[in-house]
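J.: this is a predicted model, with the sequence first.
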Amino acid sequence: MVRADLPMWRRWWLFVVTAAVILFLIVPIFIVIPVSFSDSKYLRFPPEAYSLRWFENYWNSPEWLAATRASLTAAILTVLVATPLGIAAAYGLHSMRSRMTPWIQLVLILPMLVPGILIAIGVFYIYIRLKIVNTMFGIVLAHTLLALPFVVLMMQAAFRTFDFRQEQAAMSLGAPRLNAFLVVTLPQLRISVISAALFAFIISLDEVVIGLFVAGGGNTLLTRKMFVSLRDAVDPTVAAISTLFIVISICLLGCLAFVRRRQPH
């Protein structure tokens, strides 16, 4: 929020800087989308002619579709694992009254602070010993490690705004704590749960670095295949896939915003 007592020139500078940052973030979108409809065999902007050939190439390619299925499978499984674990961890941290709480929270959010390449190297070294490289189990485990901090932080924020006297009232009437949480607390935080699950899904779907190390063979992820495609051959199919991902992301965020607006206050 902009302070009302700021001089006008300072407000304009703030608006200019904010607009520049937003423009910097969205400009690639306005480049990728036109390129995905290009008729050229190479990435060229602006396109000389428009065509749907690269979308057709994606839909007709068994390799691209197999990578898409692997990515969607990993993302869905990551949501199913990371969301309950993150909710339980956030609830435990909120309920704890211990000096160890900040340290436990630090451990949980550590994957957000450590560079992804270091995590990937460590995960790859461990997976080699466990012989789970290029397995869906290993991919989901690694993606859960990355998604868990976001779920924990989002649910912690939700728990801070929730009136836990409702849960205590249910427990005073004889409901076990788990039942009180599942029946009273969790339904009222469903929007936060959906938001956390959505973040976990996007983080898994968007992860590249770990996929380069531990996802290969029959479990090659879409992001890995896109990276290899850009490295070995500049294929506009990557732009077409990126456009599809942009549309899906906008639709998901739009649905989430609609649900939030419908939520009673």
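T.: That came in fine, so what should we check first?

J.: look up how far Leu221 lies from Val209.
T.: Separation of Val209 from Leu221 (Cβ to Cβ, to the nearest Å): 11 Å. For the C-beta atoms, the positions are set from N, CA and C on the backbone; glycine is no exception.

J.: so for the two, which residue has more residues nearby?
T.: Leu221 (28 against 20; other Cβ atoms under 10 Å).

J.: residues touching that one, list them.
T.: 67, 70-71, 74, 139, 207, 211, 215 (Cβ atoms under 8 Å, 6 or more residues apart in numbering).

J.: of the residues you listed, closest to Leu186?
T.: Proximity of the contacts of Leu221 to Leu186, judged by Cβ to Cβ, is greatest for Ala74, which lies at 25.4 Å.

J.: nearest residue to the closest one in space, please, no chain neighbours.
T.: Once flanking residues are discounted, Ala74 sits nearest to Ile139: 4.9 Å by Cβ to Cβ, 6 or more residues apart in numbering.

J.: next one: Met226
T.: Per Cβ to Cβ, 6+ apart, closest to Met226 is Val238, 5.0 Å.

J.: may I have the phi/psi pair for the one you found?
T.: Main-chain torsions, Val238, degrees, to the nearest 10: phi -60, psi -40.

J.: tell me the pLDDT at Ala4?
T.: Looking at Ala4, its pLDDT stands at 54.

J.: quote the end-to-end distance of stretch 201-219.
T.: Terminal residues of stretch 201-219 lie 17 Å apart, using Cα to Cα, to the nearest Å.

J.: avg pLDDT for that stretch?
T.: Here the average pLDDT along stretch 201-219 is 84.

J.: can you report how many residues lie near His143?
T.: Counted with other Cβ under 10 Å, His143 comes out at 28.

J.: that one and Thr78 touch, don't they?
T.: Yes. Contact status for His143 versus Thr78: in contact at 4.2 Å, counting by Cβ atoms under 8 Å.

J.: okay, and the common contacts of these two?
T.: Listed as contacting both His143 and Thr78 by Cβ under 8 Å, 6+ apart are 203-204.

J.: which residue is the nearest non-sequential neighbour of Gly216?
T.: Of all residues not flanking Gly216 in the chain, Asn134 sits nearest, at 4.5 Å (Cβ to Cβ, 6+ apart).

J.: revised request: answer the last question for Ala157.
T.: Going by Cβ to Cβ, 6+ apart, Ala157 has Ser192 as its nearest residue, at 7.5 Å.

J.: per-residue pLDDT, that neighbour?
T.: As predicted, Ser192 sits at a pLDDT of 85.

J.: residue boundaries of the helices in this structure?
T.: Using DSSP state H, the helices of the chain run over 8-36, 53-59, 62-95, 101-113, 116-130, 136-161, 165-172, 177-180, 186-188, 190-206, 209-214, 222-232, 237-262.

J.: return the most buried member of these.
T.: Mean neighbours per residue, mean count of other Cβ atoms under 10 Å, is largest over the helices of the chain for helix 209-214, with a mean of 23.

J.: show me what it is packed against.
T.: Identification of packing neighbours for helix 209-214 by 3 or more Cβ pairs under 8 Å, 6 or more residues apart in numbering; DSSP states H and E yields helix 116-130, helix 136-161, helix 222-232.
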